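Predicted model, plus sequence, below.
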Amino acid sequence: MTSMNPANQLDELGKRTLRRVRNRLMPLIVLLYFIAYLDRNNVGFAKLTMSEDIGLSASAYGLGAGIFFLGYALLEIPSNGGMYKFGARKWIARILISWGIFATAMALVNGETTFYIIRFLLGAAEAGFFPAILFYLTLWFPAAQRVTVLGIFILAQPISNALGAPVSGLLLQMDGIMGLQGWQWLYIIEGIPAIILGLLTPILMTDRPSHAHWLAADEREWLTKTMDDELAHKQKGQPHHFLAGLKDPRTIAYSALYFGLVCGIYGLGLWMPTIVAALGKFTTTEVGFIVAIPYTIAAVFVYFWGRRSDRTGNRVMHASISMVMAAIGLLAAGFLVQVNAVLALVALTLAAMGIYSAIAPFLAMPSTALVGAAAAAGLAMVNSLGNLGGFVAPYAVGLFNDATGDNRSGLVFLAACLAITSVATFLYARKRPEGHVKPGTPATVGEEAVAADEFDIKS
């Protein structure tokens, strides 16, 4: 017998070992993820004062905010190649330092052109971060426990926005210190931690279980054998052609559906501070604390909804209902934003709950549909093409805002994207096996799971 059974039904040694690994590795990894989302989305807060200082229109902001995802999508595969060559730990450090430099360099923006260039470079620098992190996790956590670990990342998205919003709002109050504007301090202070963590990561991370001298000898031996046996077990499976995933019609379908969901994720996330600021005469600090409310409530709901999806096994229904919730919330916010601030905030909260709770059940479906090397190619394509919605949606919202002079049309556009995606997801996936799994079956989640499948094959 291999150690596959201990990975699923852990004995006391296995439980003790994985508990020590979680306590050692996960705080740093979660912190890195937090910084990634902070540096990715803080442009939404910087806009509150930066736009006037450098003469940035709503459409120009939307284009620059979204252009991050062009660099991200174009450089993700080359970045993965670098990770294979140099190893996850060193490559994670390289990514952190380079994106920290460009995140800090956002303080040098002085017009549309520099805004576009540095946002693109920031996206290019961050490309490959999640795949590298998840490859690293596949070295340390057996598959049966890995889903629980990956689930933390789904919660981390709204939590990062919730905690980052008040901090960003407060930093905007630093106008005039050392001759810099508040938005410049925001970029500098929130960009430097990535550089520092990049320098510390090679010291704080351990490459493989066999190198973990902070584990007891029996713990290190158990984990090394468990992970080696699991890899050997996977390699016994039937090989699948890598290009088959790219040619699979399901890959194209799920890419298009994910594009619609991502439009909602970043359309709302990158415009939320502006929308909240329009609800009343708030200071930037007040805007930060108000923006935190929808994300905090969304994080709690994501946990509840994800557990319910796992318990019932009905992925397609949970994903579709979540997107309907989000569409209703965005549509209601569009019509309430100039009528009643409290009700508009309630509607935005409903939208955030729907958007973030849809991610895990939705992305579990293509993860189940595609297997082997086909999954590595197909799921990477779903992730890359889908994330282009992060470019289209912010830009489209900016164009609508410039054309109409308010936020209503942009919110209605996002609501329409999610409503269409919800209906299309239900019609496409309702009779497919990947939309309905046996309750309790492990399912990969999120953008990170795409990488995890790929790296399990090639590690």
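That came through fine.

Off-centre distance for stretch 191-203?
Distance of stretch 191-203 from the chain centroid (C-alpha atoms, centre = their mean, to the nearest Å) equals 20 Å.

I'd like the mean pLDDT over it, please.
Averaging pLDDT along stretch 191-203 yields 93.

Same check on stretch 125-136?
Rounded mean pLDDT across stretch 125-136 is 78.

Please name the residues that touch the one residue sitting closest to the centre of the chain.
With distances taken as C-alpha atoms, centre = their mean, residue 157 lies nearest the centre of the chain, 5.9 Å away. Residues near residue 157 by C-beta atoms under 8 Å, 6 or more residues apart in numbering: 37, 356, 359. From N, CA and C alone the C-beta is placed, and that goes for glycine too.

Pick the one among those closest to residue 200.
Nearest to residue 200 among the contacts of residue 157, counting by C-beta to C-beta, is residue 37 at 19.3 Å.

What degree of burial does the closest one show, as a neighbour count?
Using other C-beta atoms under 10 Å, the number of residues around residue 37 comes to 19.

Check residue 174 too.
By the criterion of other C-beta under 10 Å, residue 174 has 17 neighbours.

ok, it touching residue 185?
Yes: using C-beta atoms under 8 Å, residue 174 is in contact with residue 185, at 4.2 Å.

about what we covered before: in which helix or strand would I find the residue nearest to the centre of the chain?
Using DSSP states H and E, residue 157 sits in helix 143-171.

same question for that helix, mean pLDDT?
Helix 143-171 comes out at a mean pLDDT of 77.

what does stretch 43-57 give?
Mean pLDDT, computed over stretch 43-57, is 90.

can you give me how far that stretch is from the chain middle?
24 Å.

got it, and stretch 290-300?
16 Å.

Please look at residue 355 and residue 268 and confirm they touch.
Yes: counting by C-beta under 8 Å, residue 355 does reach residue 268; the two are 6.2 Å apart.

Provide a list of residues in contact with residue 413.
By C-beta under 8 Å, 6+ apart, the contact set of residue 413 is 267, 396, 397, 400.

Distance-wise, check the nearest residue to residue 110 once chain neighbours are set aside relative to residue 108.
Spatial nearest neighbour of residue 110, excluding adjacent residues (C-beta to C-beta, 6 or more residues apart in numbering): residue 54 at 5.8 Å. To residue 108, residue 54 is 11 Å away according to C-beta to C-beta, to the nearest Å.

And the two? Which one has more around it.
Per other C-beta under 10 Å, whichever of residue 54 and residue 108 has more neighbours is residue 54, with 16 against 11.

and the gap between the more buried one and residue 381?
Noted for residue 54: a distance of 36 Å to residue 381, by C-beta to C-beta.

ok, how many other residues are close to the residue lying closest to residue 31 once chain neighbours are set aside?
Using C-beta to C-beta, 6+ apart and skipping the chain neighbours, the partner closest in space to residue 31 is residue 197 (7.1 Å). Number of residues near residue 197 (other C-beta under 10 Å) recorded here: 19.

how about the CA coordinates for the host helix or strand of residue 197, as PDB?
When elements are assigned from DSSP H and E, residue 197 belongs to helix 182-204. C-alpha atoms of helix 182-204 as PDB (Å, rounded to 0.1, in the frame of the first residue of the first chain):
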ATOM      1  CA  GLY A 182      -1.700  61.300  -1.200                       C
ATOM      2  CA  TRP A 183      -2.200  59.000  -4.200                       C
ATOM      3  CA  GLN A 184       1.600  58.900  -4.700                       C
ATOM      4  CA  TRP A 185       2.200  57.900  -1.100                       C
ATOM      5  CA  LEU A 186      -0.500  55.200  -1.500                       C
ATOM      6  CA  TYR A 187       1.400  53.600  -4.400                       C
ATOM      7  CA  ILE A 188       4.800  53.900  -2.600                       C
ATOM      8  CA  ILE A 189       3.700  52.600   0.800                       C
ATOM      9  CA  GLU A 190       1.600  49.700  -0.600                       C
ATOM     10  CA  GLY A 191       4.300  48.800  -3.200                       C
ATOM     11  CA  ILE A 192       7.300  48.600  -1.000                       C
ATOM     12  CA  PRO A 193       6.100  45.500   1.000                       C
ATOM     13  CA  ALA A 194       6.200  43.400  -2.100                       C
ATOM     14  CA  ILE A 195       9.900  44.300  -2.600                       C
ATOM     15  CA  ILE A 196      10.700  43.500   1.100                       C
ATOM     16  CA  LEU A 197       8.800  40.200   1.000                       C
ATOM     17  CA  GLY A 198      10.600  39.300  -2.300                       C
ATOM     18  CA  LEU A 199      14.000  39.700  -0.500                       C
ATOM     19  CA  LEU A 200      12.800  37.600   2.500                       C
ATOM     20  CA  THR A 201      11.000  34.800   0.600                       C
ATOM     21  CA  PRO A 202      14.100  32.800  -0.300                       C
ATOM     22  CA  ILE A 203      14.900  32.800   3.400                       C
ATOM     23  CA  LEU A 204      11.400  32.100   4.700                       C
END
